[in-house]
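K.L.:
Sequence first, then the predicted structure:
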Amino acid sequence: MSQYSIMVDTERCIGCKSCETACKLENGIPAGRYRIKNLWINPQGGKRLDFMTMPCMHCEKPACAASCPVKAISKRKEDGIVLIDKKKCNGCQYCVHACPYGAINFDAEKKVADKCTYCLHRLQRGEEPACVSKCSGHALSLGKKDDLIAKAKSGGRKTRDINKFGINPSTFYLERV
Amino acid sequence: MSNSNLSRRDFLKYAGAGAVIAGMPSILYGETKEKAPKPYTEDGIAPVPDKVVTAGCPWCQTGCSMKVHVKDGRIVNIYGNPDDPVTGGKLCPKGQASIGLLYNKYRLKSPLKRIGPRGKPESYQEISWEQALTEIAEKLKMVKEKYGPEAFAWWTAGRSESQARAGLTGTFEKLYGTPHREGTGPFCNLAGTSASNSILGHNNPPWIYTREDFGNADWYMFVGSNSAACKTVAFGMVNDERVKRKIRLIVVDPRMTETASRADLWLPIKPSTDMALALSMMYHIIEKDLHNKEFIDKKVLGFDRLKAFLFEKKYTPEWAEKVTGIPAKTIKGIAEEYAKTEKAIIMGNAGLSHHTNGHLTHRAFFMLAAITGHFGKPSMGYGCGNTGATPMGSISVPPEKEVKPKKQRLGRSPAAWVEPMITGKPYPIKAFMSTCNPLVQWGDIERVMTALDNLDVSVYYNMFPSIETLYFDYILPISPWAESGGVAPVSDERRNVFVPQIIQPLHQAKPERWIFIELGQKMGWGDIFKDEYKDPVVLQRAMAKKTGFSPERFFAKKDYALRGPLPSPDAPEIGTLYTEAHGVPGKKGQFPRPSGKIEIWTEDLEKAYKAQGISPLPEFYVDPEIGMKDGLPYLEYLDDDSSEGVTSQMKGIVAVGNMRALRVKIKYPEKPEISGFNMYLTSGRPSASHFGDGSHWIWSLNEQMPDQYCMIHPEKAKETGVKDGDMVKVEGLKGSVTAKAWVYEGIRKDTVFVPNTYSEKQPFTQWRSLNFIVDKNKRCPVSDQINYKGLICRVTKA
């Protein structure tokens, strides 16, 4: 398997939230729910204003899948994308609480959990995820994780360790320069 | 929260009662119970389109080309256009959310007529287009007969398509004979436009937003320009280059904007003092002998005058440190870097323009670029955003039919019309048509309400029942971009993108083009406002007969984009302006001033500025409130909007025909003249999601920055007892508004920032507009721009 990944460059992000709008349009997400969130992090202690873009982490050992009592969440073998089978989902929301990255939202109308798929339906058509395609800051890239890490390293960029929970997130972040 | 007569709650009450009131337009204020607005693409992922149409984005001045996805006759998604050399397929939130302008339940749906007192929904009755336009035409004719053609004023502001907004209204103006037709400029960046005209001889910045030009400098300074929010895709490209090439980025702004957060150096300047930064940088450069003598000798007029002026006034970096708060050492450092870096760009924007000193501040930065030789090649120069279009052609009016105004135009800013509407002096304005709403944008909102009450006829045409729409006699629903077709608003760098008509107009709304043609016919000008022009392609062909903006040329490009000036049908598109090879196409000389050179000072300029009490050499002053608070020089106004003033000598710079200008005097107060206000108040865009009032009517944009916030430094917040998220009262000289406190380290301790696009009648969140505290009478004497951004205030817990 080659794990797919979104690389988020925190130096390139300009906080425009184009990713949020792109995701909502492509995936039909209504007001108040998000599959991707662009957070503004207040400048503190002399640091600069920062932005954090958070799609699903598509973890190697997804906590959401582990928590699901009806096995509705699975990780695809071919690309490591983690998907929710909405037909199986019983709406218990264990996954919403289990995910330490807050990546899962709950569709209260249909009573199912919902999250980012890296726009798998677009990938299958040979297109980039909506958020990556439109990102005004050129801050998001999608690719095989190994390739993206190699690219970042050759550019002299450091990755940020966000694996605080030991579940090996696939989405990863480049530190500010 | 609301101090106006009519609160949001009242609105809903009236709207609810509407069902039992005969003729009451219940559609005016739609159902608002729905908590989570539905996505545009129903039931999950966007369908694969059966048609993809290229079109221009209707929002900002980056002028992006877009790919519009259509399925079964409905627009289902919008992507960037990878064939657009400016965007490379990127798109900010606004462009894609343009779908929300179309399928939006809050839209105005049919023409409405006021049959009762102003300000009440039940005063409005639905009428037919035929009745509305017949009555409006009759009233316009009556006003002309009774008061003369000058009594009709038309604010054609907004981001609607250019053929109708800029083209057809101009034809209408000539046939009617009024001098009072104005666009967005005086509320946007006319200060930059006029400064550019005055010194370079043309309005647009030198660069274009490609990687080869705007993206290829080694040194950037953004002054009063939050480009990450306002020119999102263009700044995203520059920032991408910065990460790749490690270029220098300096941002001058009282707060750490998104743009400043990417900078190597953030200079939190005191609001309204940017002119001092430019002056002192020039002082230091000349003192250190770092100015470009060869360039000055060949291309610049008035350098010696400037030098003498700077030294006589002692505009040293040490002086500027006291005024701006930026250390002299830093000013000297960046001045030296700038003078020594060939590919260096300084960009200004509304942060400079929205002040009483806007024009001269921009002029000072132009001078800084001129004396260091930063014009003539790609990736250099000074420029301001949003400085207008290049001529695209028009529907010509036979000379015998053109009515020349007999009276001088009353100022450049539509805000200058308000007093004549009320006092009838120096002569009355009695008819008013407007897209965009003066009641949110002009300042002194209560005074504008009084003005509307004094008119014989007032017409508002737009998409949404924006704030206080209900003060107009007629309200007309318009069809935006994809329903209308036409030409998208021009970009900073002269690019126009064509918009085909993609779907039919929804409800009873009509394109502005259709409205103006029908109205023109009812005025008796059917031979000029021809029916066939209702088709945007036919109209474009007719308008562009003498220019290169033909539909065929638009459609031949993969991005449907053409960059002016295209002074003839086969004129080639030119990138960088003011080069030796091209200058400005269609104009004479590398720098199309009368001399063909960059004009810092000439006798003619001196005469023109002196007529109003100022000089082309930028003598430093700040906005009146700040001047009074700090004892710094500020403008005193010797004329007001009801007086005759003087006739502007600024032809080709800012004057439109014979135009009244106001005289001023720089006052040097000996000590502070006002107390009790401990903070400076500045304003701007809330985030990249917003653009004026319009974006707040689209749920997916509004939810990204839903609240009017008050950015305040932690120390000041502590002093005031304010915690993050608290409601605060921001009290200025003319009134107060409430906002949600955003305790934020990245702002000057003496300054708060409150964004300026919110209003009480927006559907998702309601806030009293900051423009209630703005004084419409404090304007730049040259550009006539209102001072929105150099105010004083005190902040308390609400």
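P.N.:
Yep, that arrived. Numbering: from 1, shown residues only, chains lettered A, B, ... in the order given.
K.L.:
my guess is B:Tyr106 meets B:Phe764, correct?
P.N.:
No - taking C-beta atoms under 8 Å as the contact criterion, B:Tyr106 and B:Phe764 are not neighbours in contact, 9.5 Å apart. Heads up, the C-betas are built off the backbone N, CA and C, glycines and all.
K.L.:
Those two: which is more packed in?
P.N.:
A count of neighbours by other C-beta atoms under 10 Å in any protein chain shown puts B:Tyr106 above the other of B:Tyr106 and B:Phe764, at 22 against 16.
K.L.:
Would you check how far apart that one and B:Trp129 are?
P.N.:
In this structure, B:Tyr106 and B:Trp129 are 21 Å apart, going by C-beta to C-beta, to the nearest Å.
K.L.:
so where do the strands sit in chain A?
P.N.:
With DSSP state E as the criterion, chain A has strands at A:4-9, A:37-41, A:50-54, A:73-75, A:82-84, A:105-107, A:112-114, A:140-144, A:159-160, A:172-174.
K.L.:
List the buried residues for the lengthiest helix in chain B?
P.N.:
Across chain B, the helix with the greatest residue count (assigned by DSSP state H) is helix B:129-147. Taking 16 or more other C-beta atoms under 10 Å in any protein chain shown as the basis for neighbour counts, the residues of helix B:129-147 that come out buried are B:Trp129, B:Ala132, B:Leu133, B:Glu135, B:Ile136, B:Ala137, B:Lys139, B:Leu140, B:Val143, B:Lys144, B:Tyr147.
K.L.:
from memory the first one sits against B:Lys510, does it?
P.N.:
In this case it means B:Trp129. Yes - with contact taken as C-beta under 8 Å, B:Trp129 and B:Lys510 are classed as touching, separated by 6.8 Å.
K.L.:
quick one on the thing from earlier: reformat the buried residues of helix B:129-147 as a markdown table; add distance to A:Asp50 and pLDDT.
P.N.:
Converted to a markdown table, the buried residues of helix B:129-147 look like this (distance: C-beta to C-beta, whole Å; pLDDT from 0 to 100):
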| residue | distance to A:Asp50 | pLDDT |
| --- | --- | --- |
| B:Trp129 | 52 | 98 |
| B:Ala132 | 52 | 98 |
| B:Leu133 | 53 | 98 |
| B:Glu135 | 56 | 98 |
| B:Ile136 | 52 | 98 |
| B:Ala137 | 57 | 98 |
| B:Lys139 | 56 | 98 |
| B:Leu140 | 55 | 98 |
| B:Val143 | 56 | 98 |
| B:Lys144 | 59 | 98 |
| B:Tyr147 | 58 | 98 |
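K.L.:
hey, where'd the helices end up in the stretch 301-450 of chain B?
P.N.:
Using DSSP state H, counting those that start in this stretch, the helices of the stretch 301-450 of chain B run over residues B:303-313, B:317-324, B:328-340, B:350-353, B:358-371, B:418-423, B:438-441, B:445-453.
K.L.:
mind checking which of those is nearest B:Arg563?
P.N.:
Taking C-beta to C-beta as the criterion, B:Arg563 comes closest to helix B:358-371 out of the helices of the stretch 301-450 of chain B, the separation being 21.8 Å.
K.L.:
returning to what we had before: quick one: residues in contact with the next helix or strand after the longest helix of chain B.
P.N.:
Helices and strands here follow DSSP states H and E; after helix B:129-147, the next one along the chain is strand B:152-156. Outside strand B:152-156, the residues that touch it by C-beta atoms under 8 Å, 6 or more residues apart in numbering or on different chains are B:140, B:143-144, B:165-166, B:169, B:172-173, B:176, B:178, B:180-183, B:414, B:417, B:429-436, B:438.
K.L.:
Just the buried ones among those, please.
P.N.:
When these are checked against 16+ other C-beta under 10 Å, the ones flagged as buried are B:140, B:143-144, B:165-166, B:169, B:172-173, B:176, B:178, B:180-183, B:414, B:417, B:429-436, B:438.
K.L.:
mind listing which of those are in strands?
P.N.:
Counting by DSSP E, the members of the buried ones among the contacts of strand B:152-156 that fall within strands are B:His180, B:Arg181, B:Glu182, B:Ala431, B:Phe432, B:Met433, B:Ser434, B:Thr435.
K.L.:
got those as a markdown table, with pLDDT and distance to B:Asp527 columns?
P.N.:
Converted to a markdown table, these look like this (pLDDT from 0 to 100; distance: C-beta to C-beta, whole Å):
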| residue | pLDDT | distance to B:Asp527 |
| --- | --- | --- |
| B:His180 | 97 | 25 |
| B:Arg181 | 96 | 21 |
| B:Glu182 | 95 | 27 |
| B:Ala431 | 98 | 23 |
| B:Phe432 | 98 | 27 |
| B:Met433 | 97 | 22 |
| B:Ser434 | 94 | 27 |
| B:Thr435 | 89 | 26 |
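K.L.:
which one of these sits closest to A:Glu20?
P.N.:
Sorting these by distance to A:Glu20 puts B:Thr435 at the head of the list, at 29.3 Å, by C-beta to C-beta.
K.L.:
is that closest one in a bridge, and if so with what?
P.N.:
Going by DSSP bridges, B:Thr435 is paired in beta bridges with B:Thr156.
K.L.:
Now for it: which residues touch it?
P.N.:
With contact set as C-beta under 8 Å, 6+ apart, B:Thr435 has these partners: B:Trp155, B:Thr156, B:Ala157, B:Gly158, B:Ser160, B:Arg165, B:Tyr460, B:Tyr461, B:Asn462, B:Ile478, B:Glu512.
K.L.:
got the residues of chain A near chain B?
P.N.:
In this structure, chain A approaches chain B at residues A:9, A:11-12, A:14-18, A:20-22, A:24-33, A:42-46, A:48-51, A:121, A:125, A:130, A:133-138, A:177, judged by C-beta under 8 Å from any C-beta of the partner chain.
K.L.:
just to revisit the earlier point, elements contacting the longest helix of chain B?
P.N.:
strand B:112-114, strand B:152-156, strand B:431-435, strand B:457-462, strand B:474-477, helix B:512-522 (3 or more C-beta pairs under 8 Å, 6 or more residues apart in numbering or on different chains; DSSP states H and E).
K.L.:
Looking at pLDDT only, which of the contacts of B:Thr435 scores worst?
P.N.:
Comparing pLDDT over these, B:Gly158 scores lowest. The value there is 70.
K.L.:
how near is that one to chain A?
P.N.:
Summarising the geometry, the distance separating B:Gly158 from chain A, computed by C-beta to the nearest C-beta, to the nearest Å, is 22 Å.
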